[in-house]
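Colleague: Dropping a prediction and its sequence here:
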Protein chains: 2
Amino acid sequence: MNKESVRVLGIDPGTSVTGWGVVEPAGAAFRCVASGTVGLPGRLQLGERLRRIRAAVEDLCRAHAPIAVALEKAFVARNVQSAFRLGEARGAVLIAAAEAGLPVFEYAPAHVKLTVVGYGRADKQQMVCGVALRLGAPRANQADEADALALALCHLIGARLRVPLHAPARRRGGAIV
Amino acid sequence: MNKESVRVLGIDPGTSVTGWGVVEPAGAAFRCVASGTVGLPGRLQLGERLRRIRAAVEDLCRAHAPIAVALEKAFVARNVQSAFRLGEARGAVLIAAAEAGLPVFEYAPAHVKLTVVGYGRADKQQMVCGVALRLGAPRANQADEADALALALCHLIGARLRVPLHAPARRRGGAIV
């Protein structure tokens, strides 16, 4: 693994399926390093699911050495119950990132869609296609995986745009956080 | 520590203050083994707060060897934002309990109040006094600590009431979960 790489781990947490994707810059574009979902069989108790999400994120941080974690900003939910469940899954990811000493960046769903596919109200299928196009990679099998890749992409695209404004030219390509 | 003890760890999770209390049966009554709050200074980032909650609960499980964890059932919140925050703190507790291999029992706030002080709409001060009376102990310094003790008490009182209904007499005083 190249220690100079600027990899970002995107996570789309959920207690049924948690999607993840690692993205890094590749010249003027971006490359998918790895992506997938954390399997959380229905028979498992909630605590065990959360434990597995945390363990999976910690393993991913060790395996791919990202410099940051990108998460969806949580401010809407179907109802209070789904907010509790999503909060629990987010907690598992936040604990793993804190254990790994990584900063966490949050992006609103509409901002991710606008940044990655140019349309803030893109649907799931458009996101799957847009992410594959952006990364020059096959389409993700699951929407959660594509959403996770989109979050990592969003952070990297935003960082590339921010560099000329906030940092001297010699720092281009350096740490983005 | 008496390995035969039937201790229950009650937790009132929150990302500002997390209260905890360990309770065990003492003859016909109950005894507070230990209680307190997890300090989460305001300057800490959310991930670090959650990591500290998880670590504190794991330490408590090791130190007091409870046989179960009692939590408040999460079904109401002031708004979706507080549901996310509470969910994250709950996630930290659920992960710690899963790591320790302990079952988690959830109780609705009104059920806890009714069981512990005999009035389902008791206010914070009534709960602090009621818990102190039940445990024959000084009043808890903080409402979160009293709430955590009340949760542990609620589980133990319920278990005592359940035993004659569901188990043969010789199992009285045995495992309650």
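Modeller: Cool, got the structure.

Colleague: Identify the residue spatially nearest to the residue of chain A at minimum distance from chain B, adjacent ones excluded.
Modeller: As assessed by Cβ to the nearest Cβ, chain B sits closest to residue A:87 within chain A, at 1.9 Å. Placement of C-beta: from N, CA and C, glycine included. Spatial nearest neighbour of residue A:87, excluding adjacent residues (Cβ to Cβ, 6 or more residues apart in numbering or on different chains): residue B:87 at 1.9 Å.

Colleague: continuing past the strand or helix carrying the residue of chain A closest to chain B, what's the next helix or strand?
Modeller: In this assignment (DSSP states H and E), residue A:87 forms part of helix A:80-99. Per DSSP H and E, the first helix or strand lying C-terminal to helix A:80-99 is strand A:104-107.

Colleague: Show me what that following strand is packed against.
Modeller: strand A:68-72, helix A:80-99, helix A:143-166 (3 or more Cβ pairs under 8 Å, 6 or more residues apart in numbering or on different chains; DSSP states H and E).

Colleague: and it, how far out from the chain's middle?
Modeller: 9 Å (Cα atoms, centre = their mean, to the nearest Å).

Colleague: same question, stretch A:47-63
Modeller: 14 Å.

Colleague: And stretch A:19-34, by the same measure?
Modeller: When distances are taken as Cα atoms, centre = their mean, stretch A:19-34 is centred 11 Å away from the chain's centroid.

Colleague: in it, what's buried?
Modeller: Buried residues in stretch A:19-34, counted by 16 or more other Cβ atoms under 10 Å in any protein chain shown: A:19, A:20, A:21, A:22, A:23, A:24, A:25, A:30, A:32, A:33.

Colleague: hmm, back to that, now the helix holding residue A:87 and helix B:80-99, what's the angle there?
Modeller: 60 degrees (axes from the mean of the first three to the mean of the last three Cα atoms, to 10 degrees).

Colleague: per-residue confidence for the residue nearest to residue A:87?
Modeller: In this model, residue B:87 is scored at 95, pLDDT.

Colleague: how about the nearest residue to residue A:137 once chain neighbours are set aside, secondary structure?
Modeller: Sequence neighbours aside, residue A:32 is the residue nearest to residue A:137 in space, at 4.6 Å (criterion: Cβ to Cβ, 6+ apart). Of the three states, residue A:32 takes strand under DSSP: H, G, I helix; E, B strand; the rest coil.

Colleague: again with residue A:11
Modeller: Under three-state DSSP, residue A:11 comes out as strand.

Colleague: quick one on the thing from earlier: and the residue nearest to residue A:87, what does it touch?
Modeller: Going by Cβ atoms under 8 Å, 6 or more residues apart in numbering or on different chains, residue B:87 touches A:83, A:84, A:85, A:86, A:87, A:88, A:90, A:91, B:74.

Colleague: comparing the helices and strands packed on strand A:104-107, which gets the lowest mean pLDDT score?
Modeller: helix A:143-166 (a mean of 84).

Colleague: could you give the angle of that one to strand A:68-72?
Modeller: 120 degrees.

Colleague: ok, and for the host helix or strand of residue A:61, which residues are buried?
Modeller: Residue A:61 is located in helix A:46-64, with elements delineated by DSSP H and E. By neighbour count with 16+ other Cβ under 10 Å, helix A:46-64 contains the buried residues A:46-54, A:56-58, A:60-61, A:64.

Colleague: go on, stretch A:147-162?
Modeller: A:147-160.

Colleague: what would the residues you listed look like in a markdown table with distance to chain B?
Modeller: Listed next are the buried residues of stretch A:147-162 as a markdown table, based on distance: Cβ to the nearest Cβ, whole Å:
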| residue | distance to chain B |
| --- | --- |
| A:147 | 18 |
| A:148 | 18 |
| A:149 | 22 |
| A:150 | 21 |
| A:151 | 16 |
| A:152 | 18 |
| A:153 | 22 |
| A:154 | 19 |
| A:155 | 16 |
| A:156 | 21 |
| A:157 | 24 |
| A:158 | 20 |
| A:159 | 19 |
| A:160 | 25 |
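
Colleague: Looks like residue A:12 contacts residue A:38 (just checking).
Modeller: No. Using Cβ atoms under 8 Å, residue A:12 is not in contact with residue A:38, being 10.2 Å away.

Colleague: joint contacts of these two?
Modeller: By Cβ under 8 Å, 6+ apart, the residues touching both residue A:12 and residue A:38 are A:18, A:19, A:20.

Colleague: Output those as CSV; include the columns pLDDT.
Modeller: Output for these, formatted as CSV (pLDDT from 0 to 100):
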residue, pLDDT
A:18, 96
A:19, 96
A:20, 97
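
Colleague: In strands, which of the residues you listed appear?
Modeller: Judged by DSSP state E, those include A:18, A:19, A:20 as members of strands.

Colleague: Relative to residue B:131, which of the residues you listed is nearest.
Modeller: residue A:18 (37.9 Å; Cβ to Cβ).
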